[in-house]
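> Following is a predicted model, sequence given first.
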Amino acid sequence: MTTLSPTTLILLAGLFGLLFGSFISMLSWRLPRLMECSFSEQLKQISISRSACPACHKPLNWIQLFPVFSWLASKGKCKHCQAKISARYPLIEITTALLTSLIVWQFGLTTEGILAIIFTYILITLSIIDIEHHLILDNLTLPLLWLGLIANSQLIFTTPENAIYGAVLGYLILWIVFQSFKALTGKEGMGYGDFKLLAALGAWFGVEAIPQIILIASLASIVWTILWALLKGKSLRVEIPFGPYLALGGMVSLIAGQVI
């Protein structure tokens, strides 16, 4: 039996990530629009319904669905109505491919590596939805939380006790921040989805990872907000989704948490 070289394995992982990125782009588009539907209807729409142009609703054939290359070949336009197709699709696919390759390079095709890939795909999906809709769906955060606890019952990333305390502390810290901000200003500074996401990240990496995740998320959000305001000439008082920054903190903890 031939063993694949590390380089070949990483390239194949990138190809798989590219293909799965296409699914993530579809999932992140449909899930928020199916919130009022039953679970069975959501499953049907996600697994059976064919992808179509958002403008003219013409179903797309397999050639038009090939990751990145279809978008480039069509010059970012629908071949039926010539409406522009968002660059979100190739960007999601490329990001997923790169992160998949990085994880396989770091962990290999081990149990830890496969769990890390699932973790990453969930974070990408919920980050896109939060950016586009300012929503962090329970459909994503709760499975992420339970998967982290189950993985760490086998000591994959941390101890079971550390994972439990991490989940509790992750939720509690942002809940306290939320309640304090609301008491002082009368406004809600974040959503409950942020609490659940940090709880899920705590379940994956333990209680000692919580400070670095919050620090990375806070610094990244501040830097991006300032840059955005300077480039666009807008006020700093703008509502920003915090989920992607928490996800960034989670990814850094996954890849380089021990080093930090």
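Nice, I can see it. Keep in mind that what you see is a predicted model, and the values were worked out from it rather than measured. Numbering: from 1, shown residues only.

> Please make it C-alpha for all contacts and neighbour counts, starting now.
Fine.

> Could you list the domains of this structure?
Domain assignment of the chain by automatic domain parsing yields the ranges 1-109, 119-260.

> which stretches of the stretch 101-250 of the chain form helices?
111-133, 138-152, 160-185, 192-205, 210-232, 243-256 (DSSP state H, counting those that start in this stretch).

> Run through the neighbouring helices and strands of the host helix or strand of residue 8.
Take DSSP states H and E as the rule and residue 8 turns out to sit in helix 6-30. Judged by 3 or more Cα pairs under 8 Å, 6 or more residues apart in numbering; DSSP states H and E, helix 6-30 is in contact with helix 39-47, helix 88-107, helix 111-133.

> Dump those helices into CSV; add distance to residue 168 and mean pLDDT as well.
As requested, the helices and strands packed on helix 6-30 are arranged in CSV below (distance: least, Cα to Cα, whole Å; pLDDT from 0 to 100):
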stretch, distance to residue 168, mean pLDDT
helix 39-47, 28, 68
helix 88-107, 27, 95
helix 111-133, 19, 97
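
> what's the pLDDT at residue 77?
Per-residue confidence for residue 77 comes out at a pLDDT of 80.

> May I see the helices and strands packed on helix 6-30 organised as TSV, with distance to residue 217 and mean neighbour count added?
Listed next are the helices and strands packed on helix 6-30 as TSV, based on distance: least, Cα to Cα, whole Å; neighbours: other Cα atoms under 10 Å:
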stretch	distance to residue 217	mean neighbour count
helix 39-47	31	13
helix 88-107	18	20
helix 111-133	13	19
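
> And the ones you listed: which comes nearest residue 17?
The minimum distance between residue 17 and the helices and strands packed on helix 6-30 falls on helix 88-107, with 3.9 Å, by Cα to Cα.

> Give me the contacts around the closest one.
Residues external to helix 88-107 that are found in contact with it (Cα atoms under 8 Å, 6 or more residues apart in numbering): 6, 9-11, 13-22, 24-25, 67-68, 71, 113, 116-117, 120-121, 124, 255.

> ok and that helix relative to helix 6-30, angle-wise?
140 degrees (axes from the mean of the first three to the mean of the last three Cα atoms, to 10 degrees).

> tell me the angle of helix 88-107 relative to helix 111-133?
Counting by the same axes, to 10 degrees, helix 88-107 points 160 degrees away from the direction of helix 111-133.

> now helix 88-107, how far from the centre of its chain.
Chain-centre distance of helix 88-107: 12 Å, with Cα atoms, centre = their mean, to the nearest Å.

> Please apply the same query to stretch 105-113.
From the chain centre to the centre of stretch 105-113 is a distance of 19 Å (Cα atoms, centre = their mean).

> Could you do stretch 207-216 as well?
Averaging C-alpha positions (Cα atoms, centre = their mean) puts stretch 207-216 18 Å from its chain's average.

> Likewise for stretch 10-19?
Chain-centre distance of stretch 10-19: 17 Å, with Cα atoms, centre = their mean.

> cool, and stretch 190-203?
13 Å.

> if we look at that stretch, which residues are touching it?
With Cα under 8 Å, 6+ apart as the criterion, stretch 190-203 contacts 135-138, 141-142, 144-146, 148-149, 152, 162-175, 178, 209-210, 242-243, 246, 250.

> just to revisit the earlier point, could you tell me which of the contacts of helix 88-107 count as buried?
Burial by neighbour count, 16 or more other Cα atoms under 10 Å: within those this picks out 9-11, 13-15, 17-22, 24-25, 67-68, 71, 113, 116-117, 120-121, 124.

> how close does the closest residue to residue 17 other than its chain neighbours sit to residue 120?
If you skip the residues right next to it in sequence, residue 17 has residue 97 as its closest partner in space, 3.9 Å away by Cα to Cα, 6 or more residues apart in numbering. Using Cα to Cα, to the nearest Å, we find residue 97 at a distance of 11 Å from residue 120.

> any idea of the mean pLDDT in stretch 177-190?
Averaged over stretch 177-190, pLDDT sits at 85.

> what about the closest residue to residue 182 other than its chain neighbours, distance to residue 178?
If the residues on either side of it in the chain are set aside, residue 182 comes closest to residue 188, at 5.3 Å by Cα to Cα, 6+ apart. Residue 188 sits at a distance of 7 Å from residue 178 (criterion: Cα to Cα).
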